[in-house]
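Asks: after the sequence you'll find the predicted model.
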Amino acid sequence: MSEWLEVILRTLFAVVVLFLLTKLLGKRQVSQLSFFEYITGITVGSLAAYISLDTDKHWHLGLIALIVWVACSLGIEYLQMKSKKARDFIDFKSAVLIKDGKILEDHMKKERLTTDELLEELRKKDVFNISEVEFAIMESDGAINVLLKRENQPLTPKHLGIKVAPEKEPQAVIMDGKVLDKPLDTLNLTRSWLDGALEKMGLTVENVFLGQVDSYGELTVDLYADDFKVPQPQDKPQLYALLKKCEADLEMFSLSTENEKAKKMYEQCAEQLQASLKVLKPLIQS
């Protein structure tokens, strides 16, 4: 067999073996790497290259080494899941870099991290002032996580005592100009509903590159024609206008009637509707 043909066949074989073994190692191997996973990635790649290019009769030794290395990796990962001491020994421990707005210089030196590098990582977290940080920690994979002081944390509905409904992930119902029936079933929607929503926008399924439905049942689309401006849905603004009209009507009824009992009822309904509108306004006008 010609050497070039042998190299092609071995490379294809190495690709298949490497793919299967990487699948066996799991998603962690392709995510943010820990110290040992970094070494594993380099070694496995080198062994795969050896299998592809070594044209002598001992190429199978590279395959054996590759299998042994992957087996060791799996064994170490199992040991790490069972023992915290093993995790701390094999991987780096997490290190606190900032506490109560104060940089811990000794920990910085131990992690060989400069002030410029720390500031750069904080800016990636939208933090520009050290004094705003309650706690910053370098994880075992080198990532830096930051907890802001309470007064510097973004305001959330929980801080205001507002309960919000759980948010469901948007479902892609159209992709590459084709309707996806399973996401529609998940949302309890039909193709007829989808056709109607597209008709309101003056579109057909074939025009749409990607279409998504959010948890409120609103369809948003991205078209193949980038220059075409998609009409914005009017259902929410119309609903808000209708509710405001109802509120105004109730206030007018309370002013026009001479029946005290009816007047009080209209006033109470108007106040309840006004309170409801304050809660619904961010959702309806978004």
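Replies: Cool, got the structure.
Asks: what pLDDT does the model give residue 262?
Replies: At residue 262, the model reports a pLDDT of 83.
Asks: so what's the model's average confidence on stretch 142-158?
Replies: 84.
Asks: in it, what's buried?
Replies: When burial is assessed from 16 or more other C-beta atoms under 10 Å, stretch 142-158 yields the following buried residues: 144, 146, 148. Every C-beta, even on glycine, is put in place using the N, C-alpha and C of the backbone.
Asks: ok, the second one to residue 115 distance?
Replies: Distance of residue 146 to residue 115, computed by C-beta to C-beta, to the nearest Å: 16 Å.
Asks: over to residue 109?
Replies: In terms of C-beta to C-beta, residue 109 sits 11 Å off from residue 115.
Asks: for residue 70, same thing?
Replies: Applying C-beta to C-beta to residue 70 and residue 115 gives a distance of 40 Å.
Asks: who has more neighbours, the two?
Replies: More crowded of residue 70 and residue 115, by other C-beta atoms under 10 Å: residue 70, with 22 against 11.
Asks: could you report the separation of the more buried one from residue 16?
Replies: 14 Å.
Asks: one more: residue 223?
Replies: In terms of C-beta to C-beta, residue 223 sits 39 Å off from residue 16.
Asks: more neighbours: which of those two?
Replies: Of the pair residue 223 and residue 16, residue 223 is the one with more neighbours under other C-beta under 10 Å, namely 16 against 10.
Asks: who's in contact with the more buried one?
Replies: Contacts were defined as C-beta atoms under 8 Å, 6 or more residues apart in numbering; by that measure residue 223 touches 203, 207, 208, 209, 230.
Asks: by neighbour count, which of those wins?
Replies: residue 208 (24 neighbours).
Asks: part of a strand, is residue 210?
Replies: Yes: counting by DSSP: H, G, I helix; E, B strand; the rest coil, residue 210 is part of a strand.
Asks: just give the number of residues close to it.
Replies: 15.
Asks: so it makes contact with residue 224?
Replies: No: at 9.8 Å, residue 210 and residue 224 do not qualify as touching, with contact defined as C-beta atoms under 8 Å.
Asks: all strands of this structure, in order?
Replies: Remark: strands assigned in the chain by DSSP state E are 95-99, 102-103, 133-138, 144-148, 171-175, 178-179, 208-213, 219-223.
Asks: can you list the strands that the second one pairs with?
Replies: What it means is strand 102-103. strand 95-99 (antiparallel) (DSSP bridges).
Asks: how far off centre is the strand it pairs with?
Replies: 26 Å (C-alpha atoms, centre = their mean, to the nearest Å).
Asks: angle of it against strand 133-138?
Replies: Our comparison of strand 95-99 with strand 133-138, counting by axes from the mean of the first three to the mean of the last three C-alpha atoms, to 10 degrees, yields an angle of 160 degrees.
Asks: mean confidence score for strand 95-99?
Replies: Rounded mean pLDDT across strand 95-99 is 91.
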